[in-house]
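Asks: Pasting the sequence and the predicted model now:
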Amino acid sequence: MIELATMSSLCPDWNLSEIVGGMKRHGYKGLEPRVEWGHACGIEADLSGDERRAIRRQMEGEGLDICCIATGVRMAEVDREKRAQHVEDLKRYIDLAADLGCGLVRTFGGQRDRDREWQYVVDYVVEGYAQVVDWAEERGVVVLMETHDDWCSSPPVRAVVEQVGHAHLKILWDFMHTQRVLERPGESFSIFAEHVAHLHAHDGQYVDGKMQVGALGEGAIDHQTPLQLLGKMGFAGYFSVEVIHKVGAGGDSEGVMAQYANAFRRMLASI
């Protein structure tokens, strides 16, 4: 069954209790905290052991999950010293996820070395992930590589996951980004569906050549087809709303949370 989740980016000024209240009002099952952005929920790698246990008890007591830790880790970082720091950061986030009872950690490929061929870049990214997947397995956490930035196209992402060849590295399919590079949902699905463990959702329209995020089901991004394809294959994971409001900017968190939940349920009902 595909469940509904929200990223803390949707409601960055809400504390954890406020997020829980919104999730329960609108039928969300999972929370995906976006670390490193100063969100009011306070879920970060520097939490103490007691704080981690308290958050886990709170979520489990409400029958909710922390379904994924969304990080800014970038494995294609060209500077090797910086990439080494990303690897160490990822290990810390794997530990955070494990302590919170969360089974997934999101990472990016990030900007690649444009002076190198794709195979070199893939090999380099594989080298980075290879340093963490055994630790992820030991902690019971799956690391995700998102279809995003220089890695919106499906083949390079699949190549990384298959070359690492480890059950604890999988794909986060962001429907918007694969479609932005003109892949049809069926094409993306046929390339990497067996490796998908998590989904990101945000609809939008192209305005003056750029994507403007908006209401689910009212934009240019096809969510219905990939949900249908995944449903038929028995996918059981989270459809996580990634609408980004800046801290302190006063975005309509409640309204967006409600609209995406209602549109998601209509989509599922039609499958």
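Replies: Cool, got the structure.

Asks: Could I get the full set of helices for the stretch 1-150 of the chain?
Replies: 16-26, 49-61, 80-99, 118-130, 133-139 (DSSP state H, counting those that start in this stretch).

Asks: For the shortest one, list every residue counted as buried.
Replies: In other words, helix 133-139. Residues of helix 133-139 classed as buried: Val133, Trp135, Ala136, Glu137, Arg139 (neighbour count, 16 or more other C-beta atoms under 10 Å). C-betas here are computed from N, CA, C, even on glycine.

Asks: do the same with the first one
Replies: Neighbour-count burial for helix 16-26, counted by 16+ other C-beta under 10 Å, picks out Leu16, Ile19, Val20, Gly22, Met23, His26.

Asks: That one - contacts with which helices or strands?
Replies: In terms of contacts (3 or more C-beta pairs under 8 Å, 6 or more residues apart in numbering; DSSP states H and E), helix 16-26 is packed against strand 3-7, strand 30-32, helix 49-61, helix 253-270.

Asks: Kindly report the same for the shortest one.
Replies: Contacts of helix 133-139 with other secondary structure elements, assessed using 3+ C-beta pairs under 8 Å, 6+ apart, are made with helix 80-99, strand 142-146.

Asks: any chance of these in CSV, plus mean neighbour count, mean pLDDT and distance to Gly165?
Replies: As requested, the helices and strands packed on helix 133-139 are arranged in CSV below (neighbours: other C-beta atoms under 10 Å; pLDDT from 0 to 100; distance: least, C-beta to C-beta, whole Å):
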stretch, mean neighbour count, mean pLDDT, distance to Gly165
helix 80-99, 18, 98, 18
strand 142-146, 24, 99, 13
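
Asks: Buried deepest among the helices and strands packed on helix 16-26, which one?
Replies: Of all the helices and strands packed on helix 16-26, strand 30-32 has the most neighbours on average by mean count of other C-beta atoms under 10 Å, namely a mean of 26.

Asks: For it, the averaged confidence score.
Replies: Across strand 30-32, pLDDT averages out at 98.

Asks: Return the list of strands paired to it, each annotated with direction.
Replies: strand 3-7 (parallel), strand 65-66 (parallel) (DSSP bridges).

Asks: how about the ones you listed, which one is nearest Gly250?
Replies: strand 3-7 (17.6 Å; C-beta to C-beta).

Asks: got a list of contacts for that closest one?
Replies: 19, 22-23, 27-34, 65, 67-68, 70, 200, 237-244, 257, 260-261, 264-265 (C-beta atoms under 8 Å, 6 or more residues apart in numbering).
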